[in-house]
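Chemist: fold the following, please.
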Amino acid sequence: MKEVVTPSQATPALTSQVLAVTAFLQDLGGTATVKGTDVEPVERFGCVSAGGGDPAEAAAPEAVGPPEEVFATFGCVGCHQIAVPVRTLGPPLHDVGARLSTSELYESILEPDATMAEGDPPYPPGLMGATLEGNGFYERMTAADYRALVEWLAGHGGLE
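Modeler: Down below sits the predicted model:
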């Protein structure tokens, strides 16, 4: 049985994390019942940045771009090979679409240390999460960016 990963309740969720969860839920189908103007739950659960202000007036992040650009912009290519089955620091991703489901891909991005690939970690625990946090990944990604990245990764099913 797969272990359920529950994010820490000690810190409020980042807007980008909420967007990623939204993107994942939209991929499951159904209709959104929460709108951008529904700020009461955001205020009540403390999902407002430390800068304060009206969450309804907060500027949405601008899309980073196509998945290939996301992969390069945030340095994913520094640790992961996407085209060949060669391990660098992190596992190769040439076949990640054959190894992981869409939900597992979302989890590996949002909670990168929750489930480790076989042979991991040859690096300090928490490195990927700290890297993504440190380079602004979670703050800059939009729901569309997350969806596109996961779809792109899911399309990598191995060498042709």
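Chemist: next helix or strand past the lowest-mean-pLDDT helix or strand in the chain?
Modeler: Here the helix or strand of the chain ranked lowest by mean pLDDT, DSSP states H and E is helix 40-44, holding a mean of 47. Using DSSP states H and E, the helix or strand that follows helix 40-44 in sequence is helix 67-73.
Chemist: show me the contact partners of the following helix or strand past that next one.
Modeler: Downstream of helix 67-73, the next assigned helix or strand under DSSP H and E is helix 96-99. Contact with helix 96-99 is made by 105, 153-158, as judged by CB atoms under 8 Å, 6 or more residues apart in numbering. C-beta coordinates here come from the backbone N, C-alpha and C atoms, glycine included.
Chemist: just the ones of these in helices?
Modeler: 105, 153-154 (DSSP state H).
Chemist: redo those as CSV? Include pLDDT and neighbour count.
Modeler: Output for the ones in helices among the contacts of helix 96-99, formatted as CSV (pLDDT from 0 to 100; neighbours: other CB atoms under 10 Å):
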residue, pLDDT, neighbour count
Leu105, 94, 22
Leu153, 97, 22
Ala154, 96, 16
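Chemist: which of those residues sits closest to Gly29?
Modeler: Ala154 (16.3 Å; CB to CB).
Chemist: in contact with the closest one, which residues are there?
Modeler: Here Ala154 is in contact with 96-97, 100, 102, 105 (CB under 8 Å, 6+ apart).
Chemist: widest-spaced pair of those?
Modeler: So, the contacts of Ala154 by CB to CB: farthest apart are Val96 and Thr102, at 11.0 Å.
Chemist: no more questions from me, cheers.
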